[in-house]
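A.B. asks: A structural model of the following input is requested.
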Amino acid sequence: MAARKPTFNQQILIDPTPLPDSIPKVKEVGASSAPLLSAAFFIGARCKDYNDDYMQCKTENPGKGEFECLKEGRRVTRCARSVIDDINKSCLEQFRAHWTCLENNNHQLWQCRPDEWKLNKCVFDNLKLEKVIPDQPKQSTPVHLRQKQIYAHSPVPAWEKPFIAEKSQSS
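C.D. replies: Predicted structure coming up:
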């Protein structure tokens with residue numbers, strides 16, 4: 001054990017020990033839960049390889065992967081940060097509208113589908129990232145593309161149409 005005293009702040013342990021120099025420094029994502037939820041599928045699309053590497057490291061180091069997998073975790077953080085930065089640069093208005101809607105509706109995605117469709121179109125047009133729900137059966141319409149949202153407070157207006165990427169329409 002180190003010869004330092006841990007500091008307690010409101011029941012949270014803050015460890016003042018700096019990370020070793022072998023662990024690369026990285027800025028945190030710097031987003032709250034609503035923007036992260038709004039961008040989650042795009043982060044997943046761009047950062048899939050980094051996420052897979054991190055999860056493989058965690059699987060190969062059960063119970064001790066926190067330290068052994070810091071490098072992989074930092075890569076995931078860097079990638080997620082780059083996605084958030086790119087969305088902010090290319091689609092700030094649509095991004096802000098969607099995550100504000102999520103924030104105001106208890107993070108219930110189905111309350112914010114029209115804003116989500118606008119964001120999906122903007123992100124696809126500018127960043128070429130598409131929202132895809134994993135393991136979605138081929139013959140069914142993905143939940144985020146359905147015109148009727150069963151649990152929404154109000155129906156989706158008829159003029160609001162879901163965004164379907166060009167490559168998805170042909171399959």
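
A.B. asks: alpha carbons only for contacts and neighbour counts from here, please
C.D. replies: Fine.

A.B. asks: nearest residue to H144 other than its sequence neighbours?
C.D. replies: Nearest residue to H144 in three dimensions, chain neighbours excluded: R113, at 6.9 Å (Cα to Cα, 6 or more residues apart in numbering).

A.B. asks: how many neighbours does that neighbour have?
C.D. replies: 26 (other Cα atoms under 10 Å).

A.B. asks: A helix includes it, no?
C.D. replies: Yes - assessed with DSSP: H, G, I helix; E, B strand; the rest coil, R113 lies in a helix.

A.B. asks: I150 is in contact with that one, correct?
C.D. replies: No - with contact defined as Cα atoms under 8 Å, R113 does not reach I150; the gap is 11.7 Å.

A.B. asks: okay, now the unreliable bits of the protein?
C.D. replies: Low-confidence segments of the chain (pLDDT under 70): 1-4, 6-14, 65, 158, 166-171.

A.B. asks: ranges for the helices of it?
C.D. replies: For the chain, the helices defined by DSSP state H occupy 33-46, 48-60, 65-68, 70-104, 113-127, 166-169.

A.B. asks: so what touches the fifth one?
C.D. replies: The set of residues external to helix 113-127 that reach it, using Cα atoms under 8 Å, 6 or more residues apart in numbering, is 38, 86-87, 90-91, 94-95, 97-98, 101, 129-131, 144, 156, 160-165.

A.B. asks: any quick PyMOL command for the buried ones out of those?
C.D. replies: Typed into PyMOL, the line below selects the buried ones among the contacts of helix 113-127, using 16 or more other Cα atoms under 10 Å:
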select buried, resi 38+87+91+94+95+97+98+101+129+130+131+144+156+162+163+165
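
A.B. asks: buried set for stretch 23-39?
C.D. replies: Residues of stretch 23-39 classed as buried: V29, A34, P35, L36, L37, S38, A39 (neighbour count, 16+ other Cα under 10 Å).

A.B. asks: and for that stretch, what's in contact with it?
C.D. replies: Outside stretch 23-39, the residues within contact range by Cα under 8 Å, 6+ apart are 70-71, 74, 77-78, 80-81, 83-84, 95-96, 98-100, 102-103, 107, 116.
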